[in-house]
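Asks: Just need the structure, nothing else, for what follows:
(one chain, ligands or ions: 2)
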Amino acid sequence: MSNLKFWQDAIVYQIYPRSFMDSNNDGIGDIPGIISKLDYLKELGVDIIWLSPVYDSPNDDNGYDIRDYKAIHKDFGTMEDMDNLILEAKKRGIRIIMDLVINHTSDEHPWFIESKNPDSPYRNYYYWRDKPNNWTSFFSGSAWTKENDAYYLHLFSKKQPDLNFHNPKVLDEVKDIMHFWLKKGIAGFRCDVINVIFKNTLDDGKKRLVLTGLEHYHSTEGCHRVLKTLRKEVMDHYEAFTVGETVLVTTKQANELILPEREELDMVFGFEHMETDQINNKWFKTKFKPKKFMRTISRWQKEVYWNANYLENHDQPRSVSRFGDDKMYHKESAKMLALLNLTLKGTPYIYEGQEIGMTNAYFKSIDEYEDLESKRIYALGKKLLFPKWYRLKMLRNASRDNARQPMQWTKTGGFTLSTPWLKENPNKQYINVFDSSKDPDSILNFYKKLIKIRKNDDILKKGSFNDLYISNAIFIYERVYDGERYMIVLNMSKKIKRYPFEIYGDLVISNYPDRANVLRSYEGLMIKVSK
Ligand code: ISL
Ligand code: CA
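Replies: Numbering: from 1, shown residues only. Ligands and ions are numbered 1, 2, ... in the order given. Purely as a prediction, here's the structure:
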C-alpha cells in the first residue's frame, strides 16, 4: 500500500455536541461552542471531526432519533452556524463527517406521522404489521409498539421506528439527504448501526438472551445492495468516505463491507474488543482481561483490510477507567492506552476528553443519569428483582452517560456558566484541558507528541502489523515498513513485569521518563529497532 487515501492518513476526533462546549450558557453544548474550540483541535493534530448528530430531534436518544435530516437542532444552533463550522474547520485544514442515522427516524418525523394512516403513501416507509413478531430491541423489551390498530418495528426505542429499505423510495430519500450534506462540503459519514438496516423477513427469530430476531436482519445481502447503491450513486461523486458502525460483526463480515473491490463502506467500527470484558451483554461486566482484549485487537489488525481504531465513543465507558487504572496510575495508563490507540494499523479515532484522560462518572443515584438506555435497564433490573446496589453498579460500569459528561476545559468545568444538562465530573478539578496544556508531562501533551510522530511516519501509517508477544499483562507488536521497524511494548497491568525478551533499539516515545530493565506499571513504549 503506497498511496494512502486522506481518511487513511488522518486522525479523527469524535465530538458529542451536547457535551463539548456551550457557547450561550443554556447548559447544552452547541455548534458555536465547537467553532470556538477548533484551534484547540488543530493544535492537538486533528484532521477530521466526526460530529454525533446535530439534526433536529426530540432527543429521545440524544439526536439519534431524527425529526428533520436537513435542519439543525435549535439547541445546537442554526444551519448558518453549521455552514460556518464547515468553513472555519476547512480554514484550519480540518474536515467534518456527520452521523448518518438511517436505520430509523424519530417517531416525530413527518414520514412516520403520515405513515400512521394505512392509506398513506408513507405507510410503506416503515414496518407496520397487524401482529408483532418475537424480536427484541437493542434497548431491551419487545421491538414492536402498538399504535392505533397496528404495530410498528423499532430495533431501538419506540421513538425510533425502523425505516423499510425494501421500499425504493426510502433509499431515494437517503440519497437525497446524503447529497444535501456532501454538497455543503462535509467529508463523509459515520453510518449508524448500518449493518442492521435491511430486514430479510419479519419471521420470528430463534430465542436469544439478547436481540432475538438478529439472524433476520444482521449483515444481510439486502444491506450490501443498499450500500453498493449509496456508494455508486452518492459517495463516488465526492471526495468523501464512510465509516460504518457495525454491531456484532466478525472480521470476515467487516471485510465484506469494506474491501475496496466490494465498493460499499471504507471502514467499520468493530465491537469485538469492546466485548471482551463482558458476559453476554455489556451490563454483566467481568474483570478486564488484557489477554483476551489484546488477542482480539491483534486478530482484527491481521484480518481486517483497514481498521477504525478506537477505545472510546459516546456509547462506551471511559477507557482509562475500563482498561487502565483511573486512580493510582491515571496518567501512566491513559498514556499507555494512547500508545495503543495511535500505533496500530488503521485510522485512529479519539473521543472527546480521552486526550486528557477523562474518567467514568461514578454517579451514586439513578437521578443523576440521563440516558434512556440506563433508565430502562435500571427499571428492568428492578422488575427482575436485582437489588438496588447491583443495578447502580451495572450503570456505574456500563452506562453510556460515563462518556457523556461535559468536556472538562478548566478546573471549574469551563463547559458552561449555567447548569450543564448532565452533571460534570468533580475530577475536573485536576483533569482538565487548561492544566493539561501547561503540564509538559500531561496526557494531553503525550497525545500531541504521539500524533506529531505518527503524522510524519510511514512505519506507523503504512507499516504491517505483527504481534510478537501476548500474555496476561503484556502486549508486544511490531510495525514494519520498508525495512524499518518499531516495536511497541505495553504493560496493561499494574504489576511490574520482566521483558519476555530483550529489545535493542532507540526509544522513540514512552510514558515513563526513562527506560528500565523491567516493565513498570502500565508502562508503554515504542522502540525503533535497528536494522
Ligand atoms: O451501547 C449500546 C447499547 O448497549 C450499543 O449496542 C448501541 O446501541 C449500538 O452500538 C448502536 O449505537 C448507535 O445507534 C443507537 C444510538 O443510541 C447510539 O448512540 C449509536 O451509537 C441508535 O441510533
Ligand atoms: Ca448552548
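Asks: and the closest residue in space to residue 449 that isn't next to it in sequence, bridged to which residues?
Replies: Counting by CB to CB, 6 or more residues apart in numbering, residue 449 lies nearest to residue 509, which is 6.3 Å off, once chain neighbours are set aside. Bear in mind the C-beta positions are built from the backbone N, C-alpha and C, glycine included. When assigned by DSSP bridges, residue 509 has beta-bridge partners residue 526.
Asks: My guess is residue 509 contacts residue 526. True?
Replies: Yes - at 5.3 Å, residue 509 and residue 526 qualify as touching, with contact defined as CB atoms under 8 Å.
Asks: Give the intersection of the neighbour lists for these two.
Replies: residue 339 (CB atoms under 8 Å, 6 or more residues apart in numbering).
Asks: Which one's more surrounded, these two?
Replies: Comparing residue 509 with residue 526 by other CB atoms under 10 Å, the one with more neighbours is residue 526, at 23 against 19.
Asks: Is the more buried one in contact with residue 486, as I believe?
Replies: Yes - Residue 526 is in contact with residue 486 according to CB under 8 Å; the separation is 5.5 Å.
Asks: pretty sure residue 268 belongs to a helix, no?
Replies: No - residue state for residue 268 (DSSP: H, G, I helix; E, B strand; the rest coil) corresponds to strand; a helix is not indicated.
Asks: oh, and call the first residue 39 from now on, that's how I've got it
Replies: Got it, the first residue is 39 from now on, which makes the last one we talked about residue 306.
Asks: Please enumerate the shared neighbours of residue 564 and residue 524.
Replies: Shared contacts of residue 564 and residue 524, defined by CB under 8 Å, 6+ apart, are found at 381, 546.
Asks: dump the residue contacts of the residue nearest to residue 487.
Replies: With CB under 8 Å, 6+ apart as the criterion, the residues that contact residue 547 are 377, 484, 487, 488, 491, 563, 564.
Asks: Who wins on neighbours among those?
Replies: Within the contacts of residue 547, neighbour counts (other CB under 10 Å) peak at residue 484, which reaches 25 neighbours.
Asks: Just list the residues touching the spatially closest residue to that residue that is not a sequence neighbour, thanks.
Replies: What sits nearest to residue 484 in space, not counting adjacent residues and going by CB to CB, 6+ apart, is residue 373, at 4.6 Å. When contacts are counted by CB under 8 Å, 6+ apart, residue 373 is found next to 481, 484, 549, 560, 562.
Asks: Correct me if wrong: the first one contacts residue 474.
Replies: Looking back up the chat, that one is residue 481. Yes - Residue 481 is in contact with residue 474 according to CB under 8 Å; the separation is 6.4 Å.
Asks: Report the rounded mean pLDDT for stretch 141-159.
Replies: Rounded to a whole number, the mean pLDDT of stretch 141-159 is 98.
Asks: Show me which residues of it are buried.
Replies: Buried residues in stretch 141-159, counted by 16 or more other CB atoms under 10 Å: 141, 142, 143, 144, 145, 146, 147, 149, 150, 153, 154.
Asks: With distance to residue 457 added, can I get these in CSV?
Replies: Shown next, in CSV, are the buried residues of stretch 141-159 (distance: CB to CB, whole Å):
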residue, distance to residue 457
141, 33
142, 31
143, 30
144, 26
145, 29
146, 26
147, 30
149, 35
150, 33
153, 38
154, 37
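Asks: Next one: the closest residue to ligand 2 within the stretch 439-569 of the chain relative to ligand 1, how far apart?
Replies: When you check the stretch 439-569 of the chain against ligand 2 by CB to the ion, the closest residue turns out to be residue 454, at 7.2 Å. Relative to ligand 1, residue 454 is positioned 22 Å away (criterion: CB to the nearest ligand atom, to the nearest Å).
Asks: For the closest residue to that residue other than its chain neighbours, give me the pLDDT.
Replies: Spatial nearest neighbour of residue 454, chain neighbours left out: residue 60 (3.8 Å); criterion: CB to CB, 6+ apart. Here, the pLDDT recorded for residue 60 equals 98.
Asks: same thing with the one 3 residues further on?
Replies: The predicted local distance difference test score for residue 63 is 98.
Asks: and the residue nearest the centre of the chain, what does it touch?
Replies: Nearest to the centroid of the C-alpha atoms of the chain, with distances taken as CA atoms, centre = their mean, sits residue 351, at 3.5 Å. The neighbours of residue 351, taking CB under 8 Å, 6+ apart as the test, are 52, 307, 387, 389, 441.
Asks: since we're on the last one, how many residues are nearby?
Replies: Translated: residue 441. Around residue 441 sit 25 other residues, with neighbours defined as other CB under 10 Å.
Asks: surely it meets residue 355?
Replies: Yes - between residue 441 and residue 355 a contact is recorded at 6.8 Å, counting by CB under 8 Å.
Asks: Excluding chain neighbours, what is closest to residue 102?
Replies: Computed as CB to CB, 6+ apart, the closest residue to residue 102 that is not its neighbour in sequence is residue 139, at 5.5 Å.
Asks: so who does the closest residue to ligand 1 within the stretch 239-388 of the chain touch?
Replies: The stretch 239-388 of the chain approaches ligand 1 most closely through residue 353 (3.7 Å), counting by CB to the nearest ligand atom. Applying CB under 8 Å, 6+ apart, one finds that residue 353 lies in contact with 438, 441.
Asks: How about residue 449?
Replies: The neighbourhood of residue 449, defined by CB under 8 Å, 6+ apart, consists of 466, 467, 468, 470, 472, 473.
Asks: which residues of this structure score low on pLDDT?
Replies: Residues of the chain meeting the criterion pLDDT under 70: 39-40, 569.
Asks: can you do 80?
Replies: Per-residue confidence of the chain (counting by pLDDT under 80) places the weak regions at 39-40, 568-569.
Asks: Can you name the residues of it that neighbour ligand 1?
Replies: On the criterion CB under 6 Å from any ligand atom, ligand 1 has as its neighbours in the chain the residues 99, 102, 139, 176, 194, 230-231, 283, 285, 320, 352-353, 411, 438.
Asks: So which of the residues you listed are in helices?
Replies: With helices taken from DSSP state H, the overlap with the residues of the chain next to ligand 1 comprises residue 411.
Asks: So which of the residues of the chain next to ligand 1 belong to strands?
Replies: 283, 320 (DSSP state E).
Asks: Most neighbours out of the residues of the chain next to ligand 1, which is it?
Replies: Using other CB under 10 Å as the neighbour test, the residues of the chain next to ligand 1 are led by residue 139, with 28 neighbours.
Asks: Please name the nearest non-neighbouring residue to residue 245.
Replies: The nearest residue in space to residue 245 (CB to CB, 6+ apart) is residue 172, at 7.4 Å.
Asks: do the same with residue 293
Replies: Of all residues not flanking residue 293 in the chain, residue 343 sits nearest, at 5.6 Å (CB to CB, 6+ apart).
Asks: Pretty sure the one you found sits against residue 294.
Replies: No - with contact defined as CB under 8 Å, residue 343 does not reach residue 294; the gap is 10.2 Å.
Asks: which residue of the protein sits farthest from its center?
Replies: residue 157 (39.3 Å).
Asks: circling back: tell me which of the contacts of residue 373 fall in strands.
Replies: Per DSSP E, these map to strands at residue 562.
Asks: domains of this protein?
Replies: What automatic domain parsing lists as the domains of the chain is 144-200, 501-567.
Asks: Out of those, which is closest to residue 336?
Replies: Proximity to residue 336, assessed across the domains of the chain by CB to CB, is greatest for domain 501-567 (4.4 Å).
Asks: How far off centre is the closest one?
Replies: 27 Å (CA atoms, centre = their mean, to the nearest Å).
Asks: And the helices in the stretch 189-338 of the chain?
Replies: Taking DSSP state H, counting those that start in this stretch as the criterion, the stretch 189-338 of the chain contains helices spanning 206-221, 259-271, 289-296, 328-341.
Asks: Just put these in CSV and tack on distance to ligand 2 and mean neighbour count.
Replies: Formatted as CSV, the entries for the helices of the stretch 189-338 of the chain read as follows, by distance: least, CB to the ion, whole Å; neighbours: other CB atoms under 10 Å:
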stretch, distance to ligand 2, mean neighbour count
helix 206-221, 22, 16
helix 259-271, 33, 17
helix 289-296, 36, 19
helix 328-341, 37, 19
